[in-house]
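Chemist: below are the sequence and a predicted model for it; my questions follow.
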Amino acid sequence: MNYFKRRFICFFQLALLLFCASNILSQEKNEDHPLIKKVKAYRQANAEHDTARVQALLAKGAARWYEKKEGSGIPIKPAGKGPWSDWDEYFKGSSQVESCKVDSNQVTIRLMEINDFYRLIERGPAPTNLTYYFDTEGKSAGILIFRNVKPKADRFDEFKKWTEKNHPDDLKYLMPEGEIVPTLDRAKKWRVALNKWRKSIGLATIE
């Protein structure tokens, strides 16, 4: 599973921290809708790593799906700091809510995410959609994470080819078994390696 797919899977833990932005809710004229309030409460509890509160807002058997809502999905388990938390913080990840729509027992929001890693590989903001499903008790029964547009092109493959040729040991450390490991020490090495590549092709470094 490549970086972007893995990053996409873990992305929602950080990306919705700005969901309660009042300007978006005002545009949609539904800031008082009970399901909007439920999503805001769920996201706030996640942002504060309040596992007890998250658990109270989840329905029994709550699951997560990617791209298509098929099968039983992946069980959602309340958790504190996620595996990508240090990576996201180091690369200054942020997101912007573009729209929010309520439809029957579900809420769908569209986000644009950007971080220094994307900037380093010359990739623009990446769009992601999330649909929250609720049961009859108003608890979160599931989340579908999907894209409905093709991701923008970037120069990640170009960087990998250059590094494999010029600094193969760096690439082995950064991507053991061909996968990104989102630890803080590797995140710092990623910045160094990417800036080294950028400098070699005449691009400005991003510190």
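Modeler: Looks like it came in fine.
Chemist: for the rest of this, base every contact and every neighbour count on C-alpha atoms.
Modeler: Fine.
Chemist: next, count neighbours for K40.
Modeler: When neighbours are defined as other CA atoms under 10 Å, K40 has 19 of them.
Chemist: phi, psi of it?
Modeler: K40 adopts backbone torsions of phi -60, psi -40, taken as degrees, to the nearest 10.
Chemist: also S95?
Modeler: For S95, the backbone dihedrals (degrees, to the nearest 10) come out as phi -140, psi 160.
Chemist: buried set for stretch 33-44?
Modeler: For stretch 33-44, a neighbour-count test (16 or more other CA atoms under 10 Å) marks 35-36, 38-44 as buried.
Chemist: actually stretch 53-69, not the one I wrote
Modeler: Neighbour counts using 16+ other CA under 10 Å place 53-55, 57-59, 62-66 of stretch 53-69 among the buried residues.
Chemist: next one: stretch 94-102
Modeler: 94-98, 100-102.
Chemist: what ranges do the helices span in the protein?
Modeler: 3-15, 22-28, 34-47, 51-57, 85-90, 116-120, 156-166, 168-174, 184-200 (DSSP state H).
Chemist: could you dump the buried residues of stretch 94-102 into a markdown table with pLDDT added?
Modeler: Shown next, in a markdown table, are the buried residues of stretch 94-102 (pLDDT from 0 to 100):
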| residue | pLDDT |
| --- | --- |
| S94 | 86 |
| S95 | 80 |
| Q96 | 82 |
| V97 | 78 |
| E98 | 83 |
| C100 | 84 |
| K101 | 90 |
| V102 | 93 |
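Chemist: so can I have a markdown table of these showing distance to G124?
Modeler: Shown next, in a markdown table, are the buried residues of stretch 94-102 (distance: CA to CA, whole Å):
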| residue | distance to G124 |
| --- | --- |
| S94 | 13 |
| S95 | 12 |
| Q96 | 13 |
| V97 | 16 |
| E98 | 15 |
| C100 | 22 |
| K101 | 24 |
| V102 | 28 |
